[in-house]
Each structure stands twice: as C-alpha cells, then as structure tokens.
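1. The following comprises the amino acid sequence and a computationally predicted model.
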Amino acid sequence: MTLDALSPEGDDAVREVDVVVVGAGFGGLYMIHKLRELNLRTVCFEAGGGVGGTWYWNRYPGARCDVESMDYSYSFSPELEQEWVWTERYPSQPELLRYLNHVADRFDLRRDIQFDTRVESATFSDDTQRWLVTTAQGQVVRAQYVVMATGILSKPRVPDFPGLSDFAGALYQTSNWPHEGVDLTGLRVGVIGTGSSGIQAIPEIAKQASHLTVFQRTPNFSLPAYNGPLDEEGQRELKRTYRERREQSRLSPSGLPMTKTDESALAFSDAERRARYEQRWQIGGFQSILSSYNDLMVNQAANDTAAEFVRGKIAATVQDPETAQKLMPRDHPIGTKRPCVDTDYYATYNRPNVSLVDLRATPIVEVTPTGIRTSAETIELDALVLATGFDAMTGALLAIDIRGRDGVRLADEWAHGPRTYLGVAVAGFPNLFTMTGPQSPSALSNVVTSIEQHVEWIGDLLRHLSEHGLSTVEATPAAQEEWVAHVNAVAAATLYPTAASWYMGANIPGKPRIFMPYIGGVGNYRQRCEKIAANGYEGFVLS
Ligand code: NA7
C-alpha cells in the first residue's frame, strides 16, 4: 500500500488515522493484525523495503536465531502454528524472513504498511490530544495512538576507528548486509566484533576467505547450538501439545518452555556439577548451562563453576593454547552478557587460514586504505566486516524525535537512562506505547513471547478505552518511579549489572549505564500487567 505524499504544510495535507505503528518486524506485524480486530485505522511505517525487522537487515552469512524455531514463532494463531513447518532446530535468517512474509500475506497485513519510510518525529499536541508523526519522506500523519515496534537491536553501532572511511577495500556491517549476498572467496577478510553476530559469521566467512583475521576486544562465552534438521514426525508430535507448550512459555521466567530447578550449584561436588554441566552442554543452546542451577546468575561462586566449565571446553577445542587463552572470557560472569550460540565457532580457530588478534593487548590504531594497523602490526585486508553490535533497547526509540506533553523530548527525559512504567508507557507521553521497551523483559526473554504479551495487553487497553468512551491513557509519574525502582532493585540482586554489556548500555560511549531489561521474569511480569489491567489500569490516568 502507498499513502499519498503529504506535505507538512496545512492541515489538509495531514492524514488522520487511529494508530501509527512504527516497524514491521515481529512486533509491528502482530500489532497491525490486532488493531484490525479492533477496527482501528492503522498505518505502519517501515524503514526497510520489506517486512521482517531484524530479520530483514541482518543477512550476514550464518545469521540465525538463538531461540529454537518451535518457540521463536507466533502463538496467536493456532492455525498458523500448525500449518507452518520449520526445517531446522534453530531458524536461519532466510527461513525467518520467509515465515514473516508468509504471516504478512496470510493475514493480509501489507495493505497497512508503507515500506521504505523512516519515521523522523512524533509530537504530542496538548490541544488536540493527538500525535503528529512525520516521516523522512515529508509525510505527516495525525494519530490518536502511536506504537513503537522499533525493536531492541535495530540501531547499528558504527565504530569510529580513525581512517575507517578511507578503507579502500569492501566494507560491510553484519546488521546491514547487502541483499544480493557477498562473495568473500579468496579474499583476506577482517571481522571486528565477537558478539553473537561475529560468532555466527566467523565460521562461515572462514570457509570462503583466503585468510580471516578476527579482531576481538572482549571474548564471549559461546555454547554449542547443535543445530540440525527438524524431522517432520517429531515436529508433528510436538504440535499436538503446542498449546500447553506455549502456555508454559508465557508463564516461565524467560518465555521458553522450561522448568526451573531449585538447586544451588554450591550444594554439589565438583564431579557432580561437571556431570550436570556436561549433560546440559550436550543439549545445546544458551539456556542449557545457565539453567543448570538456580543461583548461577545471583552468586559469583556458583557462576564461577559454570564459567570454568565452559573455559575448559574452549581449552579442549582450540588446539593452540595461546589462542585458547585469548578466547576465554574472564571479565564477566557467564550469562551476564547474552551468551552466544554457535556452530563450530571455537573449532574455526584450528583452521590454518584463521588468526585472532587480541585488541586488549594490541588495540586498533587506525584503519588504513589497505588494512588495519594495531599497536603491534599492520594487517592487509581486502574486505572488512563490522560485527560491532547495536545501540540496544533505547537506540531506535531515541533516533526518533519524540516529544510528549509541553514539548518535552523523550531524549531529555531519558538523559540519565530510560524511565518507563512497565516498559510499555512513559509518564508525560500519553497514548504512546514502547513495545518490548526498556524495563520490560524484552531482551532477557524469548522476545516473540514478550512481543505477543505486549501486543495483547495494548490491544486490551485500547479496547477498554473505546468501550468506556475514553481516549487518553497516561502513566502517572508515581507509578513510573515505583516501577523503575523495582526494576533496579531486582537487577541489583543479580550479577547482571557487573558486566559491561549492551544490557547496561556499556557498549555505547557516553550512554548512561543502567540495567535496561526487566529481570523479574516473563511470567511474573505478565501476571503483574494483567493485575494492573484488572484493577482498572492502576498507575495510569485514563481520560
Ligand atoms: P554485540 O553482542 O554487542 O557484539 C558486538 C561486538 O563488537 C563485541 O564483541 C564488541 O566488543 C565488539 N565491538 C564493538 N565496538 C568495538 C570497537 N570499537 N572495537 C572493537 N570491538 C568492538 O552485538 P551482536 O550483533 O554480535 O549481537 C547482538 C545481539 O543480537 C546478541 O546479544 C543476541 O541477542 C542477538 P565488546 O564486547 O564491546 O568489547
């Protein structure tokens, strides 16, 4: 669908809708569907040329979700979940993009989406009680509600290495990978960054490059995926009890169908712990080791036992002891940065065409036209891949000039870190919803479970407003303060804030360091949101 080009001048040029949704990834697509059920006129603006959000942009070799296919998928339509057949345990980026395109077609969502359109600003008018949303294309839309489905990892971080713009070889960023694909065969390739994106791309790039140099600033813990085909019979079997599996996920700590143990790592002997970790290691996935005991994320001594086990696995896999040492994380407790899930990552360092540069020991001095100069050497490169991450959780929101009551800018409100009520609303910004926003479980959960919960909760709220003849909802400052204090208190009781992670905003120079996701658990959070709704939307003013 295309909207008429609208000029900002003059009210006639302003299109009126009930809701503007920003972003057509997992969140935006389901939100459009939900709003249609509510008979609300919606327009969704999407910066990309197609649906998919994260899965539209991140097309680097090896790109794959680290949550299993059967769970990283919508549950809102039992028909959809029965008819879609996944091919692998962990969905690849192309398969996820096919799935989201299928969803867009199946529910006829495209007619409410305008692609290739970046939202620039959203301003609340105290006079009209409406939002005025503008796009980079010069369109202006007036809406009663705005839903930011902008994603938690969607604003790429481009590092500012001296000389980067003078690099004469091919320069790529994993989060903005060319759609036509890239052939790195026979090239000398450098990869900067060893988070999930780097760790997934490195084994694939190593197969193509004549030589691959990995530039690592901080080693990460990575756990084996044991990815493989999903057999159809097993999948059919699982789908027989899909509803129960989904329900378990909704009420779980992390949005996954897992049961919690109540055993402490410190209650067992070394040998017993090793046996359990080994058994978990064989299952694969990032929850495998981390859910072995109940105190790994709250007790340093307990965490050390799991971290040491994984370091042992690195030592056993990587043949060169010096390289193995460099790959072993020692600066953060395991799990406090999102652990990576890989296929052959550590073994890739046994290839003769792969080398590792430890940037802590020899930092990058500059990028030259032909390579990278570190404090120790110059490495000639034909291609450079930046896998340097994102301005997570707040980046995409603050990239839009959002102004609430009295012209107050969200960027100013959040100058010292995000402050929200339930991660979905902000005091002073009526009728604005931040889907999977900071201070909701978002990044610490299976994000599709969290997205569905937010979409349904927002949908219920909009229905409630309409049924009661109300048109404005706004979080109270007091409820927000209480929520922020609760989020911080829960985080402070864990090891998470001890790591310089993107959860903390620590990867972005100058960003306030505050633990952004809500760690109290998906199920607890859901129950709290439901109780708030049942009590007439406690902590909100409805008018
Ligand atoms: P991440 O996890 O933020 O990883 C980015 C990597 O890039 C990480 O190793 C960073 O090192 C490194 N980096 C960033 N800036 C620099 C500079 N200036 N110099 C050297 N190295 C740098 O992003 P991903 O895209 O891999 O993954 C994001 C999430 O997507 C992931 O957690 C999953 O949830 C899915 P650092 O650790 O900051 O020292």
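-> All right, it came through fine.

2. any residues touching stretch 93-107, and which ones?
-> For stretch 93-107, contacts defined as Cβ atoms under 8 Å, 6 or more residues apart in numbering pick out 24-26, 29, 33, 50-53, 55-56, 58-59, 63-65, 69, 72-74, 77, 80, 84, 86-88, 91, 109-110, 113. Every C-beta, even on glycine, is put in place using the N, C-alpha and C of the backbone.

3. hmm, try it at 6 Å
-> Residues outside stretch 93-107 that contact it (Cβ atoms under 6 Å, 6 or more residues apart in numbering) are 29, 33, 51, 52, 55, 59, 63, 110.

4. Same list (these) but as TSV, adding distance to residue 516, pLDDT and neighbour count.
-> Listed next are these as TSV, based on distance: Cβ to Cβ, whole Å; pLDDT from 0 to 100; neighbours: other Cβ atoms under 10 Å:
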residue	distance to residue 516	pLDDT	neighbour count
29	24	99	30
33	28	98	22
51	26	98	27
52	24	98	26
55	22	98	25
59	26	98	20
63	24	98	23
110	32	98	18
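
5. Which of the residues you listed sits closest to residue 407?
-> Nearest to residue 407 out of the contacts of stretch 93-107 is residue 29 (Cβ to Cβ; 32.1 Å).

6. Which pLDDT value goes with the residue of the chain found nearest the ligand?
-> In the chain, the residue that lies nearest the ligand is residue 195 (2.1 Å; Cβ to the nearest ligand atom). Residue 195 carries a pLDDT value of 98.

7. Look at stretch 224-235 and report the distance between its end residues.
-> End-to-end span of stretch 224-235 (Cα to Cα, to the nearest Å): 21 Å.

8. Show me which residues of the stretch 301-450 of the chain are close to the ligand?
-> Residues of the stretch 301-450 of the chain found near the ligand (Cβ under 6 Å from any ligand atom) are 338, 359, 387, 388, 389, 390.

9. Counting neighbours, which of these comes out on top?
-> Within those, neighbour counts (other Cβ atoms under 10 Å) peak at residue 387, which reaches 24 neighbours.

10. Could I get the contacting residues of that residue?
-> 174, 191, 193, 197, 198.

11. Residue 439: which of the residues you listed is nearest?
-> residue 197 (25.0 Å).

12. Give me the buried stretch members for whichever helix or strand the closest one is part of, please.
-> Element membership for residue 197, per DSSP states H and E: helix 196-208. For helix 196-208, a neighbour-count test (16 or more other Cβ atoms under 10 Å) marks 196, 197, 198, 199, 200, 201, 202, 203, 204, 205, 206, 208 as buried.

13. low-scoring stretches of the chain, by residue?
-> For the chain, applying pLDDT under 70 flags the ranges 1-12.

14. Domain ranges for it, per the record?
-> Domains of the chain are assigned by automatic domain parsing as 3-155+392-542, 164-386.

15. can you list contacts of the helix holding residue 197?
-> With Cβ under 6 Å, 6+ apart as the criterion, helix 196-208 contacts 60-62, 174, 184-185, 189, 191, 212, 214, 222, 340, 342, 344-345, 348, 351, 354, 387.

16. Same check on stretch 37-57?
-> Taking Cβ under 6 Å, 6+ apart as the rule, stretch 37-57 contacts 17-25, 28, 32, 35, 93, 96-97, 100, 104, 112-119, 135, 151, 175-176, 462-463.

17. Filter those residues down to the buried ones, ChimeraX style.
-> Buried subset of those, written as a ChimeraX selection, criterion 16+ other Cβ under 10 Å:
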select :17,18,19,20,21,22,23,24,25,28,32,35,93,96,97,100,104,112,113,114,115,117,119,135,151,175,462
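
18. Please narrow the contacts of stretch 37-57 to those residing in strands.
-> In this view, these that belong to strands under DSSP state E are 17, 18, 19, 20, 21, 22, 113, 114, 119, 135.

19. Could you identify the pair within those that is furthest apart?
-> 18 and 135 (17.7 Å).

20. Which secondary structure element is home to the residue nearest to residue 410 when sequence neighbours are not counted?
-> Setting aside the residues directly before and after it, residue 410 is nearest to residue 402 in space (Cβ to Cβ, 6 or more residues apart in numbering), at 4.0 Å. For residue 402, the element it lies in under DSSP H and E is strand 401-403.

21. Beyond that strand, next helix or strand please.
-> helix 410-413.

22. Which residues does that next one contact?
-> Outside helix 410-413, the residues that reach it (Cβ under 6 Å, 6+ apart) are 398, 402.

23. Would you mind listing the buried residues in it?
-> Neighbour-count burial for helix 410-413 flags 410, 413 (criterion: 16+ other Cβ under 10 Å).

24. I appreciate the help and will end here.
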